[in-house]
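1. Could you work out the structure for the sequence below:
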Amino acid sequence: MAAATYPVNYTVEYPERLSRWLIFVKWLLALPHQIVLYGLAIAVAVTSFLAWWAILFTGRYPRGLHKFAVDVSRWSARVGAYTSLFRDEYPPFAFEADYPVTLQVEYSPRITRWRLLFTGIILIPLFVVGLAYYLAYAVTAFIAFFAILFTGQYPKGLFDFGVGVNRFFIRLNMYSNLLCVGYPPFGLT
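-> Reported below is the predicted structural model:
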């Protein structure tokens, strides 16, 4: 399935300049977000359990529960972009916000019931590929840290790769949590 037509899309606007000192404290500044997101993750776990039963009996993910799970994922994606050094703007404490990071997830009106049992198994190839992507990303993020420290810029190629790896894992997460249909692509675009 082509990335342009895949029902989950994640984008981050490329920053021309990044703060050289902020890279040392972003993890600390993001702690309030992490605390709130931890609480929201518990709520999403409960609503996902309810949604699982709804899908079993109706073949549909309840729209309100879907929106809530996607909104929490969107917030988490903004905080993740901030802590991954993609952006310097502090992310807002909101589900919907004007921020240079977007996560769009199309609502799927029908979800086949067999996915409730077999999603974990059919995702094994993506987990293997994801491990390789993650290891490569760890190396490139280390390089990018020093590039930002010395030049104030995230190298464009490394930025695109990092955003692509995040996109890959977000799509994997959305599919594994039954928030979208269509097997996630193996690529980063």
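
2. any chance you could map the helices in this protein?
-> 26-29, 31-58, 63-83, 115-122, 124-151, 156-176 (DSSP state H).

3. Okay, buried residues for the third one please.
-> Buried residues in helix 63-83, counted by 16 or more other C-beta atoms under 10 Å: 65-66, 68-83. C-beta here means a position set from N, CA and C on the backbone, and glycine is covered the same way.

4. What sits closest to V105 if chain neighbours are left out?
-> In this structure, V105 finds its nearest non-sequential neighbour in V70, 4.6 Å apart by C-beta to C-beta, 6 or more residues apart in numbering.

5. what does A51 give?
-> Among residues not flanking A51 along the chain, L65 sits closest, at 4.8 Å (C-beta to C-beta, 6+ apart).

6. Y61 now?
-> A51 (5.3 Å).

7. pretty sure the one you found contacts H66?
-> Yes. Assessed by C-beta atoms under 8 Å, A51 is found in contact with H66 at 7.3 Å.

8. what's the spacing between the residue minimising distance to the centre of the chain and Y6?
-> The chain has I170 as the residue nearest its centroid, 3.4 Å off, counting by C-alpha atoms, centre = their mean. Relative to Y6, I170 is positioned 11 Å away (C-beta to C-beta, to the nearest Å).
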